[in-house]
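[1] this is a predicted model, with the sequence first.
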Amino acid sequence: MAPPSPDIGRRLLAMLHHRAGRLRPGDSVAEPLIPTSIYHLPDDPAPDRVYGRVANPTVQAAEDRLALLEDARTVLFSSGMAAYSAVVLSTVKAGDRVLVLSDGYYAVRQMLAEIFSAFGVDMVTCPTAEIGDRPLDGIGLAILESPTNPNLDVIDLAAFAGRAKSAGCPFAVDNTVCTALGQQPLDLGAELVISSDTKAAAGHSDLLLGHVSSRDNGLMDRIHRARTLAGAIPGAFDAWLLVRGLETLDMRLERMCANAGRVAGLLRAHPSVRSVRYPGLADDPAFAQANRQMARPGFLIGATFADQATAARFIDASGVFIPATSFGGVHSSADRRARWGDDVPDGFLRLSIGCEPGAQLVDCVEKGLAAIAP
Ligand SMILES: *Cc1c(COP(=O)(O)O)cnc(C)c1O
């Protein structure tokens, strides 16, 4: 994988020293937590801090840090799906068609089909494998994900951005899996980034948050307005936890990706594992494109075992994978995606590799593999 660009290092440094750079003697070095619903308003309303549904200083502190990482204006939401709905509300009107991946994050299709269809917004789906050739005329908004979840296919985002631009189709990328430290969709030509910070960004499996970033100021005004009027601002405490999480994101990703590379190699080499998808494996179909656009290969692995029982035996015997949905936390976890209706084999596990010490994690995985050996 290409090393993170020097520009990412610069953004990371600016994020870490964001508060330190503006301290006065006696200020707390740590970001203060400021929960409030109202503000001192003796006179005409100030532009933003008028009421807690519009803005909060701790939420703004998290947004400032994300904005430094994304190099773009950022609005924080109470979940990844709240971020998605604000994007649809701010970009689409009745009669428009929204293009999403048929094998992308499932709640996005449910949201469009169950909620926005009643407002005259049509969902159009396309499998990741065909997205490179999908005609874009008549599409009012395209939202892609790369790598896809759970299959870990990688889309050429710059090529798609070029086609979207020619077709006049706004293009958003769900960057949840990579985070701003692993991939920069705005630099590749996307207009919007959507991210669930519930996952690696916050990283400790204890909150839900999401954000939207864009370099289009007018669009970000509408996104912020949608958050205010729909009431999707997060609480101050969750935003404060995200500030903490962002400060260690780079180190966590480094450990998680290094661990994932070792685990993927072990799984690939074992005869009882039918197939392995990991963009960092040199023979993975996504490897070449991942190398071109991702700074890191990621911490998610798709592994197909013979059947549901074999997958369960692997999880039990390894003693390290917590059976859970979601991903990106410090603990390694495993999710058998067929139980959610994903179009994958019964024995398919999405493994989220955590921050465990590498040698011990490898021991655990070897134990799990020994339990399913032929
Ligand atoms: C989890 C997830 C979401 C939704 O985020 P929430 O914070 O759960 O609302 C969207 N996209 C992807 C890729 C996700 O993994």
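    Structure's in. What do you need?
[2] isn't T325 right up against W340?
    Yes - using C-beta atoms under 8 Å, T325 makes contact with W340 at a distance of 7.1 Å. Quick note: C-beta positions are derived from backbone N, CA and C, even for glycine.
[3] in the stretch 1-150 of the chain, what residue is nearest the ligand?
    G80 (2.2 Å; C-beta to the nearest ligand atom).
[4] contacting residues around that residue?
    Applying C-beta atoms under 8 Å, 6 or more residues apart in numbering, one finds that G80 lies in contact with 176, 194-199, 208-210.
[5] could you do S214 as well?
    Here S214 is in contact with 72-73, 186, 191-193, 220, 223 (C-beta under 8 Å, 6+ apart).
[6] tell me the domain ranges of the protein?
    8-246, 249-371 (automatic domain parsing).
[7] just put those in JSON lines and tack on mean pLDDT.
    Output for these, formatted as JSON lines (pLDDT from 0 to 100):
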{"stretch": "domain 8-246", "mean pLDDT": "96"}
{"stretch": "domain 249-371", "mean pLDDT": "96"}
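[8] out of the contacts of G80, which two sit at the greatest distance?
    I194 and L208 (14.2 Å; C-beta to C-beta).
[9] more neighbours: those two, which one.
    I194 (27 against 18; other C-beta atoms under 10 Å).
[10] and the more buried one, that's in a strand?
    Yes - under DSSP: H, G, I helix; E, B strand; the rest coil, I194 falls within a strand.
[11] that one reaches A83, doesn't it?
    Yes - in this structure I194 lies within contact range of A83 using C-beta under 8 Å: 5.2 Å.
[12] how far off centre is stretch 274-289?
    Put simply, stretch 274-289 sits 20 Å off its chain's centre (C-alpha atoms, centre = their mean, to the nearest Å).
[13] that should have said stretch 124-135, apologies.
    Using C-alpha atoms, centre = their mean, the offset of stretch 124-135 from its chain centre is 21 Å.
[14] name the residues that touch stretch 180-190?
    Under C-beta under 8 Å, 6+ apart, the answer for stretch 180-190 is 4, 8, 11-12, 66, 69-72, 146, 157-158, 161-162, 164-165, 171-173, 175, 193, 195, 213-215, 249-250, 253, 293-296, 298.
[15] tell me which parts of the stretch 101-250 of the chain are close to the ligand?
    Residues of the stretch 101-250 of the chain lying near the ligand by C-beta under 6 Å from any ligand atom: 105, 107, 145, 149, 174, 176, 196, 198-199, 208, 210.
[16] in PyMOL, select just the buried ones from the residues you listed.
    To isolate the buried ones among these in PyMOL, judged by 16 or more other C-beta atoms under 10 Å, type:
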select buried, resi 105+145+149+174+176+196+198+199+208+210
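[17] quick one: which of the residues of the stretch 101-250 of the chain next to the ligand sit in helices?
    A107 (DSSP state H).
[18] tell me where the stretch 251-374 of the chain has strands.
    273-277, 300-305, 322-323, 333-336, 348-352 (DSSP state E, counting those that start in this stretch).
[19] same deal with the stretch 1-150 of the chain?
    Ranges of strands within the stretch 1-150 of the chain are 73-77, 97-101, 122-126, 141-145, based on DSSP E, counting those that start in this stretch.
[20] note down every partner strand of the first one and its orientation.
    Sheet pairing here is set by DSSP bridges, and for strand 73-77 it gives strand 210-214 (antiparallel).
[21] and the angle for the strand it pairs with with strand 192-196?
    Per axes from the mean of the first three to the mean of the last three C-alpha atoms, to 10 degrees, the angle that strand 210-214 makes with strand 192-196 is 170 degrees.
[22] neighbour count and distance to V362 added to the contacts of S214, as TSV?
    Shown next, in TSV, are the contacts of S214 (neighbours: other C-beta atoms under 10 Å; distance: C-beta to C-beta, whole Å):
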residue	neighbour count	distance to V362
A72	22	38
R73	19	42
L186	20	36
E191	22	42
L192	27	39
V193	26	34
M220	20	44
I223	26	43
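[23] return the member of those nearest to A317.
    V193 (39.1 Å).
[24] please go through the protein and pick out the longest helix.
    helix 236-269.
[25] packing partners of that helix?
    helix 6-16, helix 57-70, strand 273-277, strand 300-305, helix 358-370 (3 or more C-beta pairs under 8 Å, 6 or more residues apart in numbering; DSSP states H and E).
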